[in-house]
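Novice: No letters, just coordinates:
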């Protein structure tokens, strides 16, 4: 969650790490030994590396999620179940990447956007940091219900209930961001240099441990365990029933879990090691510096989730690839002859319709085979 940071931005703590609610600080000034641990090199590295990487993530995330959002809003009929979560994931990622330019400027210079934007951007960061991860878990749950506990009209897989679950996700992410709403504010130190971070009034150490634990648990461990459980059960069903396209489906399931682990594990491990360092379980000034470098790099890698994860989920569906093809045909058709453009778009629309029917038929066949092998579970629902 985005809230902690040292209230003493003396040596290595920059404005971004203080107010963007990132869960670490570089100083560890509670221990006298660390008071002499200067980290100017770490700060200089961050002033170059972080703005460049944030700019890259902003461009890729903005373009990819806008494209995903346009395709979903234009071509998905009546918001199919999986697309409800995918649509919300795209919105969450868009709002998340919008905050990155603020942190990039804050790192390179200082917080120049005033008190209101300090509080709003910090809150927006935290809400969408968690909601994006939660919606990934929702899509895993939906696919699990669809294949493992599926019926033609599963009582948990209705559009209304998927919208309710999406609302719960947003409400939970909003609740997690309350410390940002209440505690984050601008601070002037030194004169004329403003930083945006949370003021814990002397309880910074306790808050750091709590927020790191919260991020490790809610932002990584529980979603990872849920994905492993859901996709392993899905894999067992696919292996047992051997439907057409089984190999590709298993590879996609494995890729989704691996991508989540690769992007988020290094960052969460580094946060955990920072907590051990605060407890003086191990470490010295040199170790602290190395962890600071690692945290900047792993955090930036984790933020790539808003660029790649939606695309990975979207392209795991043949139906979405048809939607995208129809969209590109419509856009490129403006540069073609009117008759050619109309024919191209018509062909893509028809192809998209047929593909959806094929997928539905395939899932129904899988459902009948599931029912024959496990009568108590019923048939698998439609995709």
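Specialist: In hand now; what should we look at? Since the model is a prediction, treat every value here as computed from it, not as a measurement.

Novice: Which segments of this protein make up each domain?
Specialist: Listed by automatic domain parsing, the domain ranges of the chain are 15-316, 318-383.

Novice: How many neighbouring residues does residue 244 have?
Specialist: Neighbour count for residue 244, taken as other C-beta atoms under 10 Å: 11. C-beta here means a position set from N, CA and C on the backbone, and glycine is covered the same way.

Novice: Likewise for the one 5 residues further on?
Specialist: The number of residues packed around residue 249, counting by other C-beta under 10 Å, is 18.

Novice: same thing with residue 309?
Specialist: Residue 309 is flanked by 22 other residues according to other C-beta under 10 Å.

Novice: now it: how far from residue 186?
Specialist: Distance from residue 309 to residue 186, counting by C-beta to C-beta, to the nearest Å: 32 Å.

Novice: One more: residue 222?
Specialist: Distance of residue 222 to residue 186, computed by C-beta to C-beta: 33 Å.

Novice: residue closest to the middle of this protein?
Specialist: Centre of the chain computed as the mean C-alpha position; nearest residue by C-alpha atoms, centre = their mean is residue 132, 3.8 Å away.

Novice: ok so residue 110 is a strand residue?
Specialist: No. With DSSP: H, G, I helix; E, B strand; the rest coil as the criterion, residue 110 is located in coil rather than a strand.

Novice: what's the burial count for the spatially closest residue to it that is not a sequence neighbour?
Specialist: Nearest residue to residue 110 in three dimensions, chain neighbours excluded: residue 193, at 4.8 Å (C-beta to C-beta, 6 or more residues apart in numbering). Close neighbours of residue 193, defined as other C-beta under 10 Å, add up to 14.

Novice: Likewise for residue 269?
Specialist: Residue crowding around residue 269 was assessed by other C-beta under 10 Å; the count is 14.

Novice: so which strand or helix has it?
Specialist: In this structure, residue 269 sits in helix 246-278 according to DSSP states H and E.

Novice: Show me what that helix is packed against.
Specialist: Helix 246-278 sits against helix 204-216, helix 222-241, helix 285-303, helix 305-315, with contacts defined as 3 or more C-beta pairs under 8 Å, 6 or more residues apart in numbering; DSSP states H and E.

Novice: pLDDT on the first one, on average?
Specialist: Put plainly, it is helix 204-216. Average pLDDT, helix 204-216: 87.

Novice: circling back to that earlier point, what's near enough to touch the residue nearest to the centre of the chain?
Specialist: Contacts for residue 132 (C-beta atoms under 8 Å, 6 or more residues apart in numbering) come out as 89, 92-93, 96, 305-306, 309.

Novice: of all those, which comes closest to residue 168?
Specialist: The shortest approach to residue 168 among those belongs to residue 92, at 13.9 Å (C-beta to C-beta).

Novice: my guess is residue 289 meets residue 37, correct?
Specialist: Yes. Between residue 289 and residue 37 a contact is recorded at 7.5 Å, counting by C-beta atoms under 8 Å.

Novice: can you map out the strands along the protein?
Specialist: For the chain, strands defined by DSSP state E occupy the ranges 184-188, 194-198.
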